[in-house]
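Student: Show me how the following folds:
(2 chains)
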Protein chains: 2
Amino acid sequence: MKIGILGGGQLARMLALAGIPMGFRFVFYDPTEGCCAGVLGKHFKAEYSDLKQLEIFAKEVDVITYEFENVPLEAVSFVKTFCRVYPEANALEATQDRLREKNLFHSLGIPIARFRDIKSADELAEIGEDLGYPFIIKTRNGGYDGKGQYLIQSEQDLSSLPLNVNETPAIAEEKVSFSREVSIIAARAKDGDVVYYDLAENYHDKGILRMTLAIPGDPFHQKAKDYVHDLLVHMDYCGVIALELFQLGDRLLANEFAPRVHNTGHWTIEGATTSQFENHLRAILGLPLGETKNVAYSSLINLIGNLPEIKETLMIPDCNFHNYDKEPRPGRKLGHLTIKSYEPSTFEVLRGHAEKLKTN
Amino acid sequence: MKIGILGGGQLARMLALAGIPMGFRFVFYDPTEGCCAGVLGKHFKAEYSDLKQLEIFAKEVDVITYEFENVPLEAVSFVKTFCRVYPEANALEATQDRLREKNLFHSLGIPIARFRDIKSADELAEIGEDLGYPFIIKTRNGGYDGKGQYLIQSEQDLSSLPLNVNETPAIAEEKVSFSREVSIIAARAKDGDVVYYDLAENYHDKGILRMTLAIPGDPFHQKAKDYVHDLLVHMDYCGVIALELFQLGDRLLANEFAPRVHNTGHWTIEGATTSQFENHLRAILGLPLGETKNVAYSSLINLIGNLPEIKETLMIPDCNFHNYDKEPRPGRKLGHLTIKSYEPSTFEVLRGHAEKLKTN
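Tutor: Residues are numbered from 1 along each chain as shown, chains lettered A, B, ... in the order given. Alright, predicted model coming up:
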């Protein structure tokens, strides 16, 4: 069985590390020289717009998936004429356009923050009146890790907005004062079976995820499961999905979803009986999904910009060191740590550490 | 960090699968075309006697280890002039010669079955008198998976022995009526730190391991730990070791040891907090050893000769399917299953299944 992945970054790398033990082989389509998944299979170095190469790639593999939601829709539609692709393009269509995504959540009755489509710059002042300050302007397409987002503190900020909303489609969104950012990761099989991981509590800094705690028995787990379930069924989805949510009081508001394995689920490699990566492969291959039990209190710490000494990390009890084998660069995700604890008290220490990130 | 492995079979493959997540790269030295570890790094296809290639290999990597104890001692001694090699050659010297191995156990006070060095065929009848029938003749060198072993039921068998003991060095060993075959896997770091896995209870058929159960709290665990500890300290060993033992009443007799990761430890991939593969790498790289806690009742089933349908195996709760990506061949180890259970009762079902193997 040969699995093709559009993208050859760390998510593709971890998918391959989950699949090779089961005897699968991997082909990575990525224009980047020396992409970090490349050591685990064949690296198909070509542009996403190169139809000739896409065709050769698609004919070489048995099934195709992708590791990032900004993979060009045209590329996905094209390879689909030669080979099965999961998750299907409808999920990509929704997630590549924030307006479409918001409308989808809304149509399914999944609560979201108030938002407005920005049709022209002339509307901005009125939108500010409507949503109240501060609010956020987000480009409809292409954003990730906080990119393409602009916090508007007051009407003055509108005149200095470094984004021409007449040219770049964007939406405006109420800035909600949430108490927690959480995410739920689920996997849906072709036969409709769905499994869910524990709710993940996420800590960001400068728009980049720093730390995730997997919370056993979180009181908001069921609500999150219900929302992601509706999304999965509506899209007749196949594979792993991540739904990010904000907690406000007793409500959860959907922020966005990712039609792929997700950074906030990396703890599942050691912390759950079946990792998100293995379950994604099981789903797209039509295999039974694996159990998602949390084997410990797990936390994930992203290693960004530079890596600590491996020796020091391995001196932490029950700590796993992940190095994506990428060139260091400021703000770049280079690896992560999974720290498991079997005592709630250790977990609370980690949570205290995570809380401090909020003040940065 | 680039790790060179002499041998590119499934043990090398699983070592690489443990090391790549930590950012290590691998080079496999193996004369076999398409060896199954090859998909995980660079395959150096050359003979173990090819000094020129061994030199190039040794100069390319930062540390060398091996996945089988029959790697030619000359090859190990040669690459050692260019690069660190762990475990060191003294362990190989002992394990490549059954006589030397028995004498080592004896000198350390580790109990073993009665044995005799066979100096010539003329002695065989007298040896039979001494050890009693049945007894076993084993070649001193090169045996594995029951190969090079001859069960001598009576004096008549001596005349039809398909082995010329005047030409092939061999020993004779009492056939002990053991109640269990067990093994202990341990890892020793360069600084002398030692960690031990739970005792493994092993079920063989036709000389090949079929099934292993990892037994939490086995009453013989401490005794096995003491024996392997003495062996490790005596050899100033670095890396993972496996010591196979027979239980007779309240005694354990050492059978043999393997200076490498071991088939009876494959359950540690999912069943222990740190796998034997990761701990072997940590040891040879001078990193702190990881914890060896058993996270569940774990069992291992070898898949020999042909593979079951992956779909069927994944329908078993908490079952992990491992496919070594090797060409099927009768008697060949092609993969394994790890089945974890959180209930002792499920474990007893598996033990009952394993017991049946004994009658085959």
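Student: centre of the chain versus the helix or strand harbouring residue A:54, how much separation?
Tutor: Element membership of residue A:54, judged by DSSP states H and E, is helix A:51-60. Put simply, helix A:51-60 sits 26 Å off its chain's centre (CA atoms, centre = their mean, to the nearest Å).
Student: Also stretch A:181-195?
Tutor: 13 Å.
Student: residues contacting the closest residue to chain B within the stretch 101-250 of chain A?
Tutor: At 11.0 Å from chain B, residue A:189 is the closest residue in the stretch 101-250 of chain A, using CB to the nearest CB. All C-beta atoms are positioned from the backbone trio N, CA, C, and that covers glycine. Residues in contact with residue A:189 (CB atoms under 8 Å, 6 or more residues apart in numbering or on different chains) are A:238, A:282, A:283, A:286, A:287, A:288, A:289.
Student: Would you mind listing the residues in contact with residue A:188?
Tutor: A:194, A:232, A:237, A:238, A:239, A:241, A:283.
Student: And the closest residue in space to the fourth one that isn't next to it in sequence, how close does it get to chain B?
Tutor: Okay, so that is residue A:238. Excluding the flanking residues, the one nearest residue A:238 by CB to CB, 6 or more residues apart in numbering or on different chains is residue A:86, at 4.4 Å. Distance, residue A:86 to chain B, by CB to the nearest CB, to the nearest Å: 17 Å.
Student: near chain B, which residues of chain A show up?
Tutor: Within chain A, the residues that sit near chain B (CB under 8 Å from any CB of the partner chain) are A:14, A:17, A:20-23, A:25, A:39-41, A:269, A:273, A:282, A:286-288, A:290-291, A:295, A:307, A:310-311, A:314-315, A:317-318, A:320-325, A:335, A:340.
Student: Where does the prediction get shaky in the stretch 201-350 of chain A?
Tutor: For the stretch 201-350 of chain A, not a single residue meets the criterion pLDDT under 70.
Student: residue boundaries of the helices in it?
Tutor: Here the stretch 201-350 of chain A has its helices, by DSSP state H, counting those that start in this stretch, at A:221-235, A:268-271, A:276-284, A:310-314, A:344-357.
Student: just the stretch 51-200 of chain A next, same as before
Tutor: Using DSSP H, counting those that start in this stretch, the helices found in the stretch 51-200 of chain A span residues A:51-60, A:73-79, A:89-95, A:98-107, A:124-131, A:155-159.
Student: Redo these as JSON lines? Include mean neighbour count and mean pLDDT.
Tutor: Shown next, in JSON lines, are these (neighbours: other CB atoms under 10 Å in any protein chain shown; pLDDT from 0 to 100):
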{"stretch": "helix A:51-60", "mean neighbour count": "16", "mean pLDDT": "98"}
{"stretch": "helix A:73-79", "mean neighbour count": "18", "mean pLDDT": "96"}
{"stretch": "helix A:89-95", "mean neighbour count": "19", "mean pLDDT": "94"}
{"stretch": "helix A:98-107", "mean neighbour count": "18", "mean pLDDT": "97"}
{"stretch": "helix A:124-131", "mean neighbour count": "16", "mean pLDDT": "95"}
{"stretch": "helix A:155-159", "mean neighbour count": "13", "mean pLDDT": "90"}
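Student: got JSON lines for those, with distance to residue B:48 too?
Tutor: Converted to JSON lines, the helices of the stretch 51-200 of chain A look like this (distance: least, CB to CB, whole Å):
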{"stretch": "helix A:51-60", "distance to residue B:48": "34"}
{"stretch": "helix A:73-79", "distance to residue B:48": "44"}
{"stretch": "helix A:89-95", "distance to residue B:48": "50"}
{"stretch": "helix A:98-107", "distance to residue B:48": "58"}
{"stretch": "helix A:124-131", "distance to residue B:48": "72"}
{"stretch": "helix A:155-159", "distance to residue B:48": "70"}
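Student: out of these, nearest to residue B:165?
Tutor: helix A:51-60 (54.8 Å; CB to CB).
Student: still on that earlier bit, quick one: which two of the contacts of residue A:189 are the most distant?
Tutor: Of all pairs in the contacts of residue A:189, the most separated under CB to CB is A:238 and A:288 at 13.5 Å.
Student: more neighbours, the two?
Tutor: For residue A:238 and residue A:288, the more surrounded residue by other CB atoms under 10 Å in any protein chain shown is residue A:238, and the numbers stand at 26 against 20.
Student: Settle this for me: that one is touching residue A:284, isn't it.
Tutor: Yes. Using CB atoms under 8 Å, residue A:238 makes contact with residue A:284 at a distance of 6.2 Å.
Student: Leaving out sequence neighbours, find the closest residue to residue A:289.
Tutor: Spatial nearest neighbour of residue A:289, chain neighbours left out: residue A:195 (4.8 Å); criterion: CB to CB, 6+ apart.
Student: meant to ask about residue A:161, not that
Tutor: Excluding its sequence neighbours, the residue lying closest to residue A:161 (CB to CB, 6+ apart) is residue A:150, at 6.2 Å.
Student: State the distance from the one you found to residue B:180.
Tutor: 69 Å (CB to CB, to the nearest Å).
Student: which residues touch residue A:214?
Tutor: A:197-201, A:267-268, A:271-272, A:294, A:297-300.
Student: Look up how far residue A:256 lies from residue A:148.
Tutor: The value you get for residue A:148 to residue A:256, if CB to CB is used, is 12 Å.
Student: cool, residue A:308 as well?
Tutor: 30 Å.
Student: Check residue A:236 too.
Tutor: Here the criterion is CB to CB. By it, residue A:236 lies 20 Å from residue A:256.
Student: Which one's more surrounded, the two?
Tutor: More neighbours surround residue A:256 than the other of residue A:236 and residue A:256, with 20 against 13 (other CB under 10 Å).
Student: Name the residues of stretch A:179-186 that are buried.
Tutor: Neighbour counts over stretch A:179-186 (16 or more other CB atoms under 10 Å in any protein chain shown) mark A:180, A:181, A:182, A:183, A:184, A:185, A:186 as buried.
Student: Of all residues in chain A, which one is nearest the centre?
Tutor: Geometric centre of chain A, nearest residue: residue A:262, 3.8 Å, by CA atoms, centre = their mean.
Student: Next, the contact list for that residue, please.
Tutor: Contacts of residue A:262 (CB under 8 Å, 6+ apart): A:183, A:185, A:240, A:242, A:276.
Student: quick one, phi/psi of it?
Tutor: Note on residue A:262: backbone dihedrals following degrees, to the nearest 10 are phi -140, psi 140.
Student: got the contact list for stretch A:346-360?
Tutor: So stretch A:346-360 is contacted by A:201, A:203, A:204, A:205, A:206, A:210, A:211, A:213, A:297, A:299, A:339, A:341 (CB under 8 Å, 6+ apart).
Student: Tell me how far the first one lies from residue B:59.
Tutor: It stands for residue A:201. 49 Å.
Student: Please apply the same query to the fifth one.
Tutor: In this structure, residue A:206 and residue B:59 are separated by 43 Å, where distance is defined by CB to CB.
Student: looking at it, residue A:174 is touching residue A:127, isn't it?
Tutor: No. Counting by CB under 8 Å, residue A:174 does not reach residue A:127; the two are 10.2 Å apart.
Student: joint contacts of the two?
Tutor: Shared contacts of residue A:174 and residue A:127, defined by CB under 8 Å, 6+ apart, comprise residue A:135.
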